[in-house]
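Peer 1: show me the folded form of this:
(one chain, ligands or ions: 1)
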Amino acid sequence: MIEFQGVSKVFDDGTRAVDDFTLVLPSHKTTVFVGSSGSGKTTLLRMINRMVDPTGGRILIDGEDIARLDPVRLRRRIGYVLQAAGLLPHRTVVDNIATVPRLNGVPRAQARAAARELLGTVGLEESLAMRYPNQLSGGQQQRVGVARALAADPNVLLMDEPFGAVDPIVRAELQQELNRLQRELGKTIVFVTHDIDEAFLLADQVVILKTGGVVAQVGTPGQILSEPAEDFVASFIGADAGKRQLYLQHRQGDGDVTLVVDGDGRPTGVLAGSPAAPGADPR
Ligand SMILES: Nc1ncnc2c1ncn2[C@@H]1O[C@H](COP(=O)(O)OP(=O)(O)OP(=O)(O)O)[C@@H](O)[C@H]1O
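Peer 2: The predicted structure is shown next:
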(Lines give C-alpha, C1' and ligand atoms only; values in the text may rest on other atoms or scores of the structure.)
Protein backbone atom coordinates (compact mmCIF):
# COMPACT_ATOMS: atom_id res chain seq x y z
CA MET A 1 0.00 0.00 0.00
CA ILE A 2 1.23 3.49 -0.86
CA GLU A 3 0.08 6.36 1.35
CA PHE A 4 0.37 10.06 0.53
CA GLN A 5 -0.02 12.05 3.75
CA GLY A 6 -0.46 15.80 3.25
CA VAL A 7 2.12 15.83 0.45
CA SER A 8 3.12 19.10 -1.21
CA LYS A 9 5.68 20.03 -3.81
CA VAL A 10 6.80 23.58 -4.45
CA PHE A 11 9.57 23.75 -7.06
CA ASP A 12 12.52 26.13 -6.64
CA ASP A 13 10.95 28.71 -8.96
CA GLY A 14 7.89 28.86 -6.69
CA THR A 15 5.59 26.62 -8.80
CA ARG A 16 3.19 24.82 -6.49
CA ALA A 17 2.74 21.56 -8.41
CA VAL A 18 1.06 19.59 -5.59
CA ASP A 19 -0.68 21.01 -2.54
CA ASP A 20 -1.54 18.95 0.55
CA PHE A 21 -2.31 15.71 -1.29
CA THR A 22 -3.61 12.81 0.83
CA LEU A 23 -4.57 9.45 -0.63
CA VAL A 24 -4.19 5.70 -0.11
CA LEU A 25 -3.24 3.58 -3.14
CA PRO A 26 -4.21 0.00 -2.28
CA SER A 27 -1.81 -2.89 -2.85
CA HIS A 28 -2.27 -5.17 -5.87
CA LYS A 29 -4.59 -2.63 -7.52
CA THR A 30 -4.20 -0.18 -10.36
CA THR A 31 -4.58 3.49 -9.46
CA VAL A 32 -4.74 5.90 -12.39
CA PHE A 33 -3.97 9.62 -12.06
CA VAL A 34 -5.78 11.47 -14.80
CA GLY A 35 -6.07 15.19 -15.39
CA SER A 36 -5.23 17.96 -17.77
CA SER A 37 -1.70 19.05 -18.57
CA GLY A 38 0.11 20.55 -15.58
CA SER A 39 -2.20 19.07 -12.93
CA GLY A 40 0.74 17.46 -11.12
CA LYS A 41 0.32 13.82 -12.24
CA THR A 42 3.97 13.24 -13.14
CA THR A 43 5.17 15.05 -10.02
CA LEU A 44 3.00 12.78 -7.84
CA LEU A 45 4.31 9.69 -9.61
CA ARG A 46 7.95 10.74 -9.40
CA MET A 47 7.65 11.42 -5.68
CA ILE A 48 6.94 7.69 -5.16
CA ASN A 49 10.42 6.69 -6.35
CA ARG A 50 12.05 9.88 -5.09
CA MET A 51 12.98 11.24 -8.50
CA VAL A 52 11.29 14.28 -6.93
CA ASP A 53 11.29 14.87 -3.16
CA PRO A 54 8.24 16.48 -1.54
CA THR A 55 8.57 19.85 0.18
CA GLY A 56 5.87 18.88 2.68
CA GLY A 57 4.15 15.80 4.06
CA ARG A 58 5.31 12.21 3.68
CA ILE A 59 4.88 9.10 1.56
CA LEU A 60 4.80 5.60 3.03
CA ILE A 61 5.19 2.33 1.16
CA ASP A 62 3.88 -0.58 3.22
CA GLY A 63 4.15 1.59 6.31
CA GLU A 64 7.75 2.68 5.65
CA ASP A 65 8.50 6.40 5.23
CA ILE A 66 10.40 6.53 1.93
CA ALA A 67 12.27 9.70 2.97
CA ARG A 68 14.34 7.43 5.22
CA LEU A 69 15.33 5.09 2.38
CA ASP A 70 18.28 5.40 0.04
CA PRO A 71 16.79 6.76 -3.23
CA VAL A 72 18.90 4.55 -5.51
CA ARG A 73 17.97 1.36 -3.68
CA LEU A 74 14.34 2.46 -3.53
CA ARG A 75 14.31 2.97 -7.33
CA ARG A 76 15.72 -0.48 -7.93
CA ARG A 77 12.77 -2.06 -6.17
CA ILE A 78 10.18 -0.02 -8.05
CA GLY A 79 9.47 -0.61 -11.75
CA TYR A 80 9.25 2.53 -13.88
CA VAL A 81 7.90 2.74 -17.44
CA LEU A 82 8.06 5.97 -19.42
CA GLN A 83 6.37 7.19 -22.59
CA ALA A 84 9.47 6.90 -24.75
CA ALA A 85 10.42 3.46 -23.42
CA GLY A 86 13.79 4.92 -22.35
CA LEU A 87 15.76 1.89 -23.54
CA LEU A 88 19.54 2.04 -23.75
CA PRO A 89 20.24 2.29 -27.51
CA HIS A 90 23.56 0.42 -27.51
CA ARG A 91 22.33 -2.58 -25.54
CA THR A 92 20.36 -5.51 -26.90
CA VAL A 93 16.79 -6.13 -25.85
CA VAL A 94 17.81 -8.89 -23.47
CA ASP A 95 20.51 -6.74 -21.83
CA ASN A 96 18.11 -3.80 -21.52
CA ILE A 97 15.65 -6.02 -19.65
CA ALA A 98 18.42 -7.42 -17.45
CA THR A 99 19.73 -3.96 -16.43
CA VAL A 100 18.34 -3.71 -12.90
CA PRO A 101 18.91 -7.35 -11.87
CA ARG A 102 22.54 -6.94 -13.03
CA LEU A 103 22.86 -3.77 -10.90
CA ASN A 104 21.43 -5.77 -8.01
CA GLY A 105 24.22 -8.32 -8.45
CA VAL A 106 22.41 -11.13 -10.31
CA PRO A 107 24.98 -13.06 -12.44
CA ARG A 108 24.80 -12.22 -16.16
CA ALA A 109 23.70 -15.66 -17.43
CA GLN A 110 20.94 -15.88 -14.87
CA ALA A 111 19.75 -12.30 -15.52
CA ARG A 112 19.68 -12.95 -19.28
CA ALA A 113 17.77 -16.21 -18.92
CA ALA A 114 15.17 -14.44 -16.77
CA ALA A 115 15.02 -11.59 -19.31
CA ARG A 116 14.27 -14.04 -22.14
CA GLU A 117 11.42 -15.46 -20.13
CA LEU A 118 10.03 -11.99 -19.54
CA LEU A 119 9.82 -11.46 -23.30
CA GLY A 120 7.10 -14.09 -23.36
CA THR A 121 5.36 -12.50 -20.37
CA VAL A 122 4.94 -9.23 -22.27
CA GLY A 123 3.90 -10.98 -25.50
CA LEU A 124 7.14 -10.73 -27.50
CA GLU A 125 8.91 -13.44 -29.52
CA GLU A 126 12.17 -14.68 -28.02
CA SER A 127 13.75 -14.11 -31.43
CA LEU A 128 13.81 -10.37 -30.68
CA ALA A 129 16.19 -10.87 -27.74
CA MET A 130 19.39 -9.91 -29.59
CA ARG A 131 17.99 -6.91 -31.46
CA TYR A 132 18.76 -3.32 -30.57
CA PRO A 133 15.95 -0.89 -29.61
CA ASN A 134 16.03 0.94 -32.98
CA GLN A 135 15.28 -2.39 -34.69
CA LEU A 136 11.91 -2.61 -32.92
CA SER A 137 8.54 -0.95 -33.56
CA GLY A 138 7.28 1.63 -31.06
CA GLY A 139 4.84 -0.88 -29.59
CA GLN A 140 7.56 -3.52 -29.24
CA GLN A 141 9.83 -0.99 -27.52
CA GLN A 142 7.07 -0.23 -25.01
CA ARG A 143 6.67 -3.95 -24.28
CA VAL A 144 10.42 -4.21 -23.68
CA GLY A 145 10.10 -1.17 -21.38
CA VAL A 146 7.42 -3.04 -19.39
CA ALA A 147 9.57 -6.20 -19.28
CA ARG A 148 12.52 -4.18 -18.02
CA ALA A 149 10.37 -2.60 -15.30
CA LEU A 150 9.22 -6.07 -14.21
CA ALA A 151 12.70 -7.64 -14.25
CA ALA A 152 13.53 -7.08 -10.58
CA ASP A 153 10.06 -8.39 -9.67
CA PRO A 154 9.01 -5.13 -7.98
CA ASN A 155 5.81 -4.88 -5.95
CA VAL A 156 5.20 -1.38 -7.29
CA LEU A 157 5.07 -0.41 -10.96
CA LEU A 158 5.00 3.27 -11.97
CA MET A 159 3.83 4.02 -15.51
CA ASP A 160 3.97 7.56 -16.91
CA GLU A 161 1.87 7.81 -20.10
CA PRO A 162 3.50 4.59 -21.28
CA PHE A 163 1.24 4.20 -24.32
CA GLY A 164 1.07 7.86 -25.30
CA ALA A 165 3.43 7.65 -28.27
CA VAL A 166 2.00 4.67 -30.18
CA ASP A 167 -0.84 4.58 -32.69
CA PRO A 168 -4.40 3.90 -31.47
CA ILE A 169 -4.50 0.25 -32.58
CA VAL A 170 -1.22 -0.67 -30.89
CA ARG A 171 -2.26 1.39 -27.90
CA ALA A 172 -5.47 -0.62 -27.53
CA GLU A 173 -3.44 -3.86 -27.73
CA LEU A 174 -0.99 -2.68 -25.07
CA GLN A 175 -3.85 -1.66 -22.77
CA GLN A 176 -5.43 -5.12 -23.06
CA GLU A 177 -2.03 -6.73 -22.44
CA LEU A 178 -1.52 -4.66 -19.32
CA ASN A 179 -4.90 -5.73 -17.96
CA ARG A 180 -4.00 -9.37 -18.66
CA LEU A 181 -0.57 -8.98 -17.02
CA GLN A 182 -2.11 -7.32 -13.99
CA ARG A 183 -4.60 -10.20 -13.57
CA GLU A 184 -1.59 -12.56 -13.53
CA LEU A 185 0.87 -10.52 -11.47
CA GLY A 186 -1.26 -8.36 -9.13
CA LYS A 187 1.25 -5.51 -8.81
CA THR A 188 0.52 -2.18 -7.16
CA ILE A 189 0.36 -0.07 -10.32
CA VAL A 190 0.32 3.71 -10.45
CA PHE A 191 -0.48 4.89 -13.97
CA VAL A 192 -0.51 8.45 -15.33
CA THR A 193 -2.54 9.46 -18.37
CA HIS A 194 -4.51 12.39 -19.70
CA ASP A 195 -6.88 9.98 -21.50
CA ILE A 196 -9.98 9.35 -19.42
CA ASP A 197 -11.01 6.32 -21.50
CA GLU A 198 -7.63 4.71 -20.84
CA ALA A 199 -8.13 5.47 -17.13
CA PHE A 200 -11.55 3.83 -17.08
CA LEU A 201 -10.24 0.75 -18.89
CA LEU A 202 -7.24 0.12 -16.63
CA ALA A 203 -8.11 1.50 -13.20
CA ASP A 204 -9.44 -0.05 -10.06
CA GLN A 205 -9.18 3.45 -8.60
CA VAL A 206 -9.37 6.60 -10.74
CA VAL A 207 -8.03 9.89 -9.35
CA ILE A 208 -9.16 12.94 -11.32
CA LEU A 209 -6.83 15.88 -10.71
CA LYS A 210 -7.18 19.61 -11.20
CA THR A 211 -4.31 22.11 -11.33
CA GLY A 212 -2.09 21.98 -8.24
CA GLY A 213 -2.67 18.26 -7.69
CA VAL A 214 -6.10 19.06 -6.28
CA VAL A 215 -8.32 15.96 -6.22
CA ALA A 216 -11.60 16.54 -8.03
CA GLN A 217 -12.79 12.97 -7.44
CA VAL A 218 -11.51 9.53 -6.44
CA GLY A 219 -13.52 6.41 -7.18
CA THR A 220 -14.03 3.36 -9.32
CA PRO A 221 -14.88 3.99 -12.97
CA GLY A 222 -18.49 3.05 -12.19
CA GLN A 223 -18.73 5.52 -9.31
CA ILE A 224 -17.28 8.36 -11.36
CA LEU A 225 -19.41 7.63 -14.41
CA SER A 226 -22.62 7.34 -12.43
CA GLU A 227 -22.00 10.18 -9.98
CA PRO A 228 -19.53 12.83 -11.16
CA ALA A 229 -18.69 14.81 -7.99
CA GLU A 230 -18.66 18.23 -9.63
CA ASP A 231 -19.07 20.05 -12.95
CA PHE A 232 -15.32 19.79 -13.63
CA VAL A 233 -15.52 15.99 -13.48
CA ALA A 234 -18.69 15.83 -15.57
CA SER A 235 -17.07 17.94 -18.24
CA PHE A 236 -13.74 16.07 -18.04
CA ILE A 237 -15.39 12.69 -18.59
CA GLY A 238 -17.74 14.06 -21.25
CA ALA A 239 -20.90 13.43 -19.22
CA ASP A 240 -22.12 16.97 -19.78
CA ALA A 241 -21.94 16.43 -23.55
CA GLY A 242 -24.21 13.41 -23.27
CA LYS A 243 -21.39 11.12 -24.40
CA ARG A 244 -21.63 8.92 -21.29
CA GLN A 245 -25.33 8.25 -21.22
CA LEU A 246 -26.20 5.48 -23.57
CA TYR A 247 -29.61 4.30 -24.69
CA LEU A 248 -30.90 1.36 -26.63
CA GLN A 249 -32.85 2.13 -29.74
CA HIS A 250 -34.74 0.06 -32.28
CA ARG A 251 -34.95 1.79 -35.62
CA GLN A 252 -37.30 0.82 -38.39
CA GLY A 253 -35.47 -0.84 -41.24
CA ASP A 254 -32.70 -2.25 -39.03
CA GLY A 255 -34.51 -5.55 -38.50
CA ASP A 256 -33.67 -7.17 -35.18
CA VAL A 257 -30.55 -5.08 -34.51
CA THR A 258 -30.58 -2.98 -31.34
CA LEU A 259 -28.58 0.21 -31.67
CA VAL A 260 -26.74 1.85 -28.77
CA VAL A 261 -26.94 5.66 -29.01
CA ASP A 262 -25.51 8.43 -26.85
CA GLY A 263 -27.39 11.29 -25.18
CA ASP A 264 -27.39 13.25 -28.46
CA GLY A 265 -28.81 10.32 -30.39
CA ARG A 266 -25.49 9.50 -32.10
CA PRO A 267 -25.17 5.77 -32.77
CA THR A 268 -22.09 4.41 -30.96
CA GLY A 269 -22.54 0.69 -31.57
CA VAL A 270 -24.86 -2.26 -31.62
CA LEU A 271 -25.98 -4.27 -28.61
CA ALA A 272 -23.83 -7.43 -28.41
CA GLY A 273 -26.04 -10.47 -28.77
CA SER A 274 -28.65 -8.75 -30.94
CA PRO A 275 -29.00 -11.17 -33.87
CA ALA A 276 -27.06 -9.40 -36.61
CA ALA A 277 -24.38 -7.84 -34.38
CA PRO A 278 -20.72 -8.74 -35.12
CA GLY A 279 -19.67 -11.63 -32.93
CA ALA A 280 -23.25 -12.50 -32.05
CA ASP A 281 -24.10 -16.13 -31.53
CA PRO A 282 -25.05 -17.29 -35.04
CA ARG A 283 -27.63 -19.83 -33.83
N1 LIG B 1 11.37 20.92 -12.32
C2 LIG B 1 10.34 21.78 -12.29
N3 LIG B 1 10.51 23.07 -11.97
C4 LIG B 1 9.49 23.95 -11.93
N5 LIG B 1 8.21 23.61 -12.20
C6 LIG B 1 7.96 22.33 -12.54
C7 LIG B 1 9.01 21.36 -12.60
N8 LIG B 1 8.45 20.16 -12.98
C9 LIG B 1 7.13 20.39 -13.13
N10 LIG B 1 6.83 21.71 -12.87
C11 LIG B 1 5.50 22.35 -12.89
O12 LIG B 1 4.66 21.67 -11.96
C13 LIG B 1 3.34 21.57 -12.49
C14 LIG B 1 2.93 20.10 -12.55
O15 LIG B 1 3.73 19.44 -13.51
P16 LIG B 1 3.57 17.89 -13.84
O17 LIG B 1 4.59 17.54 -14.86
O18 LIG B 1 3.53 17.12 -12.59
O19 LIG B 1 2.11 17.88 -14.50
P20 LIG B 1 1.37 16.75 -15.35
O21 LIG B 1 -0.02 16.71 -14.84
O22 LIG B 1 2.15 15.49 -15.31
O23 LIG B 1 1.41 17.40 -16.79
P24 LIG B 1 1.52 16.71 -18.26
O25 LIG B 1 0.24 15.96 -18.47
O26 LIG B 1 1.66 17.89 -19.15
O27 LIG B 1 2.73 15.81 -18.23
C28 LIG B 1 3.36 22.26 -13.84
O29 LIG B 1 2.93 23.60 -13.65
C30 LIG B 1 4.83 22.23 -14.23
O31 LIG B 1 5.15 23.30 -15.07
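Peer 1: just for the stretch 151-283 of the chain, where's the confidence low?
Peer 2: By pLDDT under 70, the weakly predicted segments of the stretch 151-283 of the chain are 241, 274-283.
Peer 1: which stretches in it count as helices?
Peer 2: In the stretch 151-283 of the chain, the helices defined using DSSP state H, counting those that start in this stretch lie at 168-185, 196-202, 221-226, 231-237.
Peer 1: what does the stretch 1-150 of the chain give?
Peer 2: 41-48, 71-76, 93-97, 99-103, 108-121, 138-150.
Peer 1: to the ligand, which of these lies closest?
Peer 2: Closest approach to the ligand among the helices of the stretch 1-150 of the chain is made by helix 41-48 (3.2 Å; Cβ to the nearest ligand atom). Glycine gets a C-beta too; all of them are placed from N, C-alpha and C.
Peer 1: hmm, the closest one touching the ligand?
Peer 2: Yes. Under the criterion of Cβ under 6 Å from any ligand atom, helix 41-48 makes contact with the ligand via 41-43.
Peer 1: most neighbours among those, which one?
Peer 2: When neighbours are taken as other Cβ atoms under 10 Å, the top entry among those is Lys41 (26 neighbours).
Peer 1: count residues in the vicinity of Arg58, would you?
Peer 2: Look at Arg58: counted by other Cβ under 10 Å, it has 14 neighbours.
Peer 1: what bridges to it?
Peer 2: Counting by DSSP bridges, Arg58 is bridged to Gln5.
Peer 1: ok, now how distant is it from Pro26?
Peer 2: To Pro26, Arg58 is 18 Å away according to Cβ to Cβ, to the nearest Å.
Peer 1: do Ile196 as well
Peer 2: 21 Å.
Peer 1: more neighbours: which of those two?
Peer 2: Taking other Cβ under 10 Å, Ile196 and Pro26 do not tie; Ile196 has more neighbours (21 against 12).
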